[in-house]
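>>> Below is the structure, and that's it, no one-letter string:
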């Protein structure tokens, strides 16, 4: 039995990452209906919007789905209350201390998963009684750890240091990537970028097209001294890079960043002035496909690669 | 049949990376005797020293071994002549244009492998008639690509874009890492860091101890604007980081770098003033072991993990 499919009562150990501006009820319900675990990304919502997405998601699927809550978010406490009231079975928390909300959520029978990018926090999660961790490698899109540990290194390090169920994220978009993560010790995978390039994601069409066009070296982890985030290269990215190379202060960078850049880039389709958060693996994403098709393709490739590895004789 | 074991006439598809100051005849012959492919790292040698290492390596093993030649190195042309004269069967070239020496080497029946860090150069290698490429991910120690593409992303991208035999490097030190690389499409692995932590490597003992102590976040890709190199954190590293954060010019950084830093750190054991080139995966290396033991452990773990993956039913 797979630890993660058992924990969440789902068919496939494939989690769709909760992503700001990209993963509302439509994407989450499509993934859950297809046998994965869909997550509503609450980090770009207010309480009314979150309630609306939860209600629509419940109407769109009978399968389990979850909500991702970034704990540094101003609405974090309200969102915690909302998921408890709405009897959401699975909550992913990120960007904060796992011990803060885990006991409350677990007392309501909620499965709690926390997103981390290093061994230190994986151990804290285990101590806090979290049900599973998402280990996010350097190649992942969006906000990321300061250690810059890649999935190839992070997964086995966490597997060695803890026995907590482990969901690998970062650099995974295919069945082969999923199998590689399993070889390194993961029990499941969390996939973001590939699910952005679906009809069901709420990303702006121009952002989806940019993902299809992305090639190697087109994303980079930026703003490492402020708050590291992997972005697709554009005018905004170049401006930040120039500021950093000139030795700008954190205040100068924060001022240029301003507010609403992520909404502008990913939701409103302002390709040049907006922030486009996406993973390195976008270089392998060539087509927009429905979430259900993606899950079937991943599982087919996983089984095919599993057979190929079995046949290697050395 | 495995493409790389056939190409090199070796038992296991495990290549020991040619590394400056660390991989002389003693390490290369130990790896080749154990069934892998040992490489003499010529980048820290002069012609006399290289000839001496080749002679000693020939005495120490009847198995095939190779030489790694960084093409930007001042002695590159002399080294090319030496490997031809000495009838070295396998040459790994790096840091340069693969089309420059490949025809000459191949005309002498030498197997040519070129080290790259992106798809663009993998395609160039294929066009140049190179026999195989080493794809080096962001997590690898020492000099590295500007795209910062991790092994998890680089391996499948090169597999998709070319059909050239593919040796994965960066973040691999164990049988599970090797199996993950195979799942992503690699035919073999090149391992550096773990072979530095052997009695046979010529690294200074204090550097070997630092590798055992290294933990997550203890290495970082530095000098990205000058020439990206992954280093273990020490006083020298901190000084370079400060210069970079203050927006120092390339000239200022190059001046502080000076000459002989790598020799100082890795060969002479000056832990604070020297440059310590090592991979992220050093966080998983806990013990100094003979090269032959490492190869056996890797193969045992590979076979065990292969069995575990075979048994996954999802």
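Good, I have the coordinates. Owing to the predicted nature of the structure, the values given are computational and were not obtained by experimental measurement. Numbering: from 1, shown residues only, chains lettered A, B, ... in the order given.
>>> pLDDT averaged over stretch A:36-52 - what is it?
Mean pLDDT, stretch A:36-52: 98.
>>> what do you get for stretch A:56-64?
Across stretch A:56-64, pLDDT averages out at 98.
>>> So for that stretch, what gets flagged as buried?
For stretch A:56-64, burial by neighbour count (16 or more other C-beta atoms under 10 Å in any protein chain shown) applies to A:56, A:57, A:60, A:61, A:63. (C-beta placed from N, C-alpha, C; glycine too.)
>>> In TSV, list the residues you listed along with distance to residue B:131.
Formatted as TSV, the buried residues of stretch A:56-64 follow (distance: C-beta to C-beta, whole Å):
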residue	distance to residue B:131
A:56	56
A:57	53
A:60	53
A:61	52
A:63	50
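>>> nearest to residue A:42, of those?
Nearest to residue A:42 among those, counting by C-beta to C-beta, is residue A:57 at 11.7 Å.
>>> give the contact list for the residue of the stretch 201-314 of chain A found nearest chain B.
For the stretch 201-314 of chain A and chain B, the shortest gap (C-beta to the nearest C-beta) falls at residue A:247, measuring 2.3 Å. Residues near residue A:247 by C-beta atoms under 8 Å, 6 or more residues apart in numbering or on different chains: B:245, B:246, B:247, B:248.
>>> one more time with 10 Å
The contact partners of residue A:247, taken as C-beta atoms under 10 Å, 6 or more residues apart in numbering or on different chains, are B:243, B:244, B:245, B:246, B:247, B:248.
>>> Next: residue A:87.
Residue A:87 sits in contact with A:54, A:58, A:108, A:109, A:110, where contact means C-beta under 10 Å, 6+ apart.
>>> Look up how far residue A:10 lies from the residue lying closest to the fourth one once chain neighbours are set aside.
In space, not counting the residues next to it along the chain, residue A:109 is nearest to residue A:89; the distance is 7.7 Å by C-beta to C-beta, 6 or more residues apart in numbering or on different chains. For residue A:89, the distance to residue A:10 equals 10 Å [C-beta to C-beta, to the nearest Å].
>>> where do the contact lists of these two overlap?
Common contact partners of residue A:89 and residue A:10 (C-beta under 10 Å, 6+ apart): A:37, A:64, A:65.
>>> quick one: which of those is nearest to chain B?
Of the shared contacts of residue A:89 and residue A:10, the one sitting nearest to chain B (C-beta to the nearest C-beta) turns out to be residue A:37, at 13.4 Å.
>>> secondary structure class for the nearest residue to that closest one once chain neighbours are set aside?
Ranked by C-beta to C-beta, 6+ apart and with sequence neighbours excluded, the top spatial neighbour of residue A:37 is residue A:15, at 4.7 Å. Three-state call for residue A:15 (DSSP: H, G, I helix; E, B strand; the rest coil): strand.
>>> Quick check, the residue in the stretch 1-150 of chain A closest to chain B?
residue A:147 (3.4 Å).
>>> Now for the closest residue in space to residue A:41 that isn't next to it in sequence: which residues touch it?
Leaving aside its chain neighbours, residue A:41 sits nearest to residue A:18 (3.7 Å; criterion: C-beta to C-beta, 6+ apart). The contact partners of residue A:18, taken as C-beta under 10 Å, 6+ apart, are A:27-28, A:38-43, A:66-70, A:91-94, A:115, A:134, A:190, A:192.
>>> which residues touch the closest residue to residue A:223 other than its chain neighbours?
The shortest distance from residue A:223 to any non-neighbouring residue, by C-beta to C-beta, 6+ apart, is to residue A:229 (5.7 Å). Contact analysis of residue A:229 by C-beta under 10 Å, 6+ apart lists A:141-144, A:220-223, A:240, A:257, A:262, A:275, A:277.
>>> hmm, try it at 6 Å
A:142, A:143, A:222, A:223 (C-beta atoms under 6 Å, 6 or more residues apart in numbering or on different chains).
>>> Which one of those sits in the busiest neighbourhood?
Among the contacts of residue A:229, residue A:142 has the most neighbours (other C-beta atoms under 10 Å in any protein chain shown), with 25 neighbours.
>>> Which strand residues bridge it?
residue A:230 (DSSP bridges).
>>> picking that back up, ok, so what distance separates the residue nearest to residue A:223 from residue A:158?
Taken as C-beta to C-beta, the span from residue A:229 to residue A:158 is 22 Å.
>>> same check, this time on residue A:285
Here residue A:285 is placed at a distance of 26 Å from residue A:158 (C-beta to C-beta).
>>> Those two: which has the busier surroundings?
Higher neighbour count among residue A:285 and residue A:158: residue A:158, with 28 against 23, using other C-beta under 10 Å.
>>> following the strand or helix carrying the more buried one, which helix or strand comes up?
Mapping residue A:158 onto the secondary structure by DSSP states H and E places it in helix A:151-161. As assigned by DSSP H and E, the chain's next helix or strand after helix A:151-161 is strand A:166-169.
>>> Flag every residue of chain A that's near chain B.
A:2, A:118-119, A:139, A:147, A:149-153, A:157, A:171, A:176, A:179-180, A:183-184, A:216-217, A:246-247, A:280-281, A:283, A:305, A:309-310, A:314 (C-beta under 6 Å from any C-beta of the partner chain).
>>> Pull out the buried members of the residues you listed.
So, by 16+ other C-beta under 10 Å, the buried ones in the residues of chain A next to chain B are A:2, A:118-119, A:139, A:147, A:149-153, A:157, A:171, A:176, A:179-180, A:183-184, A:216-217, A:280-281, A:283, A:305, A:309, A:314.
>>> Which of these fall in helices?
Among those, the members falling in helices (DSSP state H) are A:119, A:151, A:152, A:153, A:157, A:176, A:179, A:180, A:183, A:305, A:309.
>>> which among the residues you listed gets closest to residue A:209?
Lowest distance from residue A:209 to those (C-beta to C-beta) belongs to residue A:176, with 25.0 Å.
>>> How about that closest one, nearest residue that isn't a chain neighbour?
Spatial nearest neighbour of residue A:176, chain neighbours left out: residue A:305 (4.9 Å); criterion: C-beta to C-beta, 6+ apart.
>>> right, and the one you found touches residue A:174 too?
No: between residue A:305 and residue A:174 there is no contact under C-beta atoms under 6 Å: 8.8 Å.
>>> Skipping its backbone neighbours, what lies nearest residue A:101 in space?
Closest residue in space to residue A:101, ignoring its immediate chain neighbours: residue A:80 at 5.4 Å, by C-beta to C-beta, 6+ apart.
>>> Give the buried residues for the helix or strand that contains the one you found.
Counting by DSSP H and E, the element that carries residue A:80 is helix A:76-85. Across helix A:76-85, burial judged by 16+ other C-beta under 10 Å covers A:76, A:79, A:80, A:82, A:83, A:84.
>>> average model confidence for that helix?
On average, the pLDDT along helix A:76-85 is 98.
>>> what about it, distance to the chain center?
In terms of C-alpha atoms, centre = their mean, to the nearest Å, the centre of helix A:76-85 is found 20 Å from the chain centre.
>>> After it, which helix or strand is next?
Heading C-terminal from helix A:76-85, the first helix or strand you meet, by DSSP H and E, is strand A:90-94.
>>> what's the angle from that next one to helix A:76-85?
170 degrees (axes from the mean of the first three to the mean of the last three C-alpha atoms, to 10 degrees).
>>> Neighbouring strands - and their directions - for strand A:90-94?
Counting by DSSP bridges, strand A:90-94 is paired with strand A:65-70 (parallel), strand A:111-116 (parallel).
>>> what does the average pLDDT come to for it?
Mean per-residue pLDDT for strand A:90-94: 97.
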